[in-house]
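1. Provided below for reference: sequence and predicted model.
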Amino acid sequence: MKASDLVSEICSKTRNSSECLYELRGEHGKNLSEMAQSLTFVAHVTALLANDTAQLCEKQEKNYLKRERCRSCVGNYVRIMDDLVEWKQSVNSGNYQNLLSKADAMSKEAESCDKNFEQPPSEPPQLVLTTKSFRDICSILVVVSYRLAGRII
């Protein structure tokens, strides 16, 4: 399969195919493992941005309930960063069977941050954006994890 076909196939199965195509635009010509390694960096930067946004909210928010929810999101992103380290180690070692559970766990942690704000007060707009970006990256990680583990979705 040509690399451009692989990118198109992966992105067609994600929650935001245009974001996926954007993130994988430079990955043509790389194999799946190389793509996964590149995605690790993108996921790390995106998670750091979301964590920084949650920490800023926690420090600056005057509303107690909103501040506590932001604090909970910081905890979510700390766990995400731990899972991301394990995901990267699994990619680098070729231990692909563990990837899907880590990608799924990261996605659920980010979703949990959003769910903290289902009731008022609302989630800060910047945290909505950074969490959405991370969840979009996670959906790419999930598809790549399936592929690396030899499963087709």
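-> Received the coordinates, thanks. Numbers count the residues shown, from 1 in each chain.
2. Please identify the helix or strand for the spatially most central residue of the chain.
-> Geometric centre of the chain, nearest residue: C138, 3.2 Å, by Cα atoms, centre = their mean. If you go by DSSP states H and E, C138 is part of helix 125-148.
3. on that earlier part again, for the residue nearest to the centre of the chain, give me its contacts.
-> Residues in contact with C138, defined by Cβ atoms under 8 Å, 6 or more residues apart in numbering, are A43, A103, M106, S107, A110. Every C-beta, even on glycine, is put in place using the N, C-alpha and C of the backbone.
4. L56: which of the residues you listed is nearest?
-> Nearest to L56 out of those is A110 (Cβ to Cβ; 17.0 Å).
5. what's the neighbour count on the closest one?
-> Neighbour count for A110, taken as other Cβ atoms under 10 Å: 27.
6. now swap in M81 and tell me
-> 16.
7. Over to the one 5 residues further on?
-> Applying other Cβ under 10 Å, we find 16 residues neighbouring E86.
8. Can you give me the buried ones in the helix holding C138?
-> Of all the residues in helix 125-148, those buried under the rule 16 or more other Cβ atoms under 10 Å are 127, 130-148.
9. helix or strand for the residue lying farthest from the centre of the chain, which one?
-> In the chain, the greatest distance from the average C-alpha position (Cα atoms, centre = their mean) is reached by K62, at 28.5 Å. Following DSSP H and E, there is no helix or strand that holds K62.
10. For Q89, see how far away it is.
-> 40 Å (Cβ to Cβ, to the nearest Å).
11. Same question for N16.
-> Distance from N16 to Q89, by Cβ to Cβ: 27 Å.
12. gap between stretch 103-119 and the chain center?
-> Relative to the centre of its chain, stretch 103-119 is centred 11 Å away, using Cα atoms, centre = their mean, to the nearest Å.
13. pull the CA atoms of that stretch into CSV?
-> Listed next in CSV are the C-alpha coordinates belonging to stretch 103-119 (Å, rounded to 0.1, in the frame of the first residue of the first chain):
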residue,chain,number,x,y,z
ALA,A,103,-4.7,5.3,23.3
ASP,A,104,-8.2,4.5,24.5
ALA,A,105,-7.3,5.4,28.1
MET,A,106,-5.9,8.8,26.9
SER,A,107,-9.0,9.5,24.9
LYS,A,108,-11.2,8.6,27.9
GLU,A,109,-9.2,10.9,30.2
ALA,A,110,-9.7,13.8,27.8
GLU,A,111,-13.4,13.0,27.5
SER,A,112,-13.6,13.0,31.3
CYS,A,113,-12.2,16.5,31.4
ASP,A,114,-15.1,17.6,29.1
LYS,A,115,-17.7,15.7,31.2
ASN,A,116,-16.6,17.7,34.3
PHE,A,117,-18.4,20.6,32.7
GLU,A,118,-21.7,19.0,31.6
GLN,A,119,-23.5,21.1,34.2
